[in-house]
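A.B. asks: quick one, what's the 3D model for this:
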Amino acid sequence: MTQMEFFEKLEKSLNCTTPTFACGGTVVSRPIADYDNHGLPLDPVIYYDNTKGQPQKICFPTTVEEVEKLASNCDLASFGVGTEERIDLDYRSAQKLDPSKFATSFHPNNTDIMETIKQLLFPGTIYISAELYKLNVWPLSDSL
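C.D. replies: Purely as a prediction, here's the structure:
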């Protein structure tokens, strides 16, 4: 393949009609108006046990200190490379809590965020659903 053929092929691949994935920014989500919240608070709450087994609670909106306290009680989060799970702090310094270690009053299906995700990532789809996997916590320095 010549250099010119390569660039022509590259140009064709970049001129696709829709991006494979593109999403960013901040989404302000609100509870669905007709959703029965069953007495749960409108602002999310996370309950978790610290490393000593003592219960902790975070009410949102929260402070940097509260998130740092949560992060100090998390395990290092691995990431997948092929079929392998890795921990590489030079690549990503995320931490995690498995679902068995926390509970939350927040569920994305009870907010309008699912409709936004559906429109942005899955246009034309009738229904999508979310389920709790784990809670990832990133240091503030990684999110800037």
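
A.B. asks: neighbours of Thr111, how many?
C.D. replies: Using other Cβ atoms under 10 Å, the number of residues around Thr111 comes to 18. (Glycine included, C-beta is placed from N, CA and C.)

A.B. asks: cool, and Phe6?
C.D. replies: Phe6, neighbours per other Cβ under 10 Å, totals 10.

A.B. asks: am I right that it sits in a helix?
C.D. replies: Yes: under DSSP: H, G, I helix; E, B strand; the rest coil, Phe6 sits within a helix.

A.B. asks: show the subsequent helix or strand relative to the lowest-mean-pLDDT helix or strand in the chain.
C.D. replies: In the chain, the helix or strand scored least confidently by mean pLDDT, DSSP states H and E is helix 3-14, which has a mean of 71. Helices and strands here follow DSSP states H and E; after helix 3-14, the next one along the chain is strand 45-49.

A.B. asks: distance of Glu85 from Lys96?
C.D. replies: When distance is defined by Cβ to Cβ, to the nearest Å, Glu85 is 12 Å away from Lys96.

A.B. asks: more neighbours: these two, which one.
C.D. replies: Lys96 (17 against 10).

A.B. asks: report the secondary structure state of the more buried one.
C.D. replies: Per three-state DSSP, Lys96 ends up strand.

A.B. asks: touching, it and Tyr133? I think so.
C.D. replies: No: judged on Cβ atoms under 8 Å, Lys96 makes no contact with Tyr133 at a distance of 9.5 Å.

A.B. asks: quick check, pLDDT for Gly53.
C.D. replies: pLDDT, Gly53: 90.

A.B. asks: name the helix or strand for it, please.
C.D. replies: Residue-wise, Gly53 maps onto no helix or strand under DSSP H and E.
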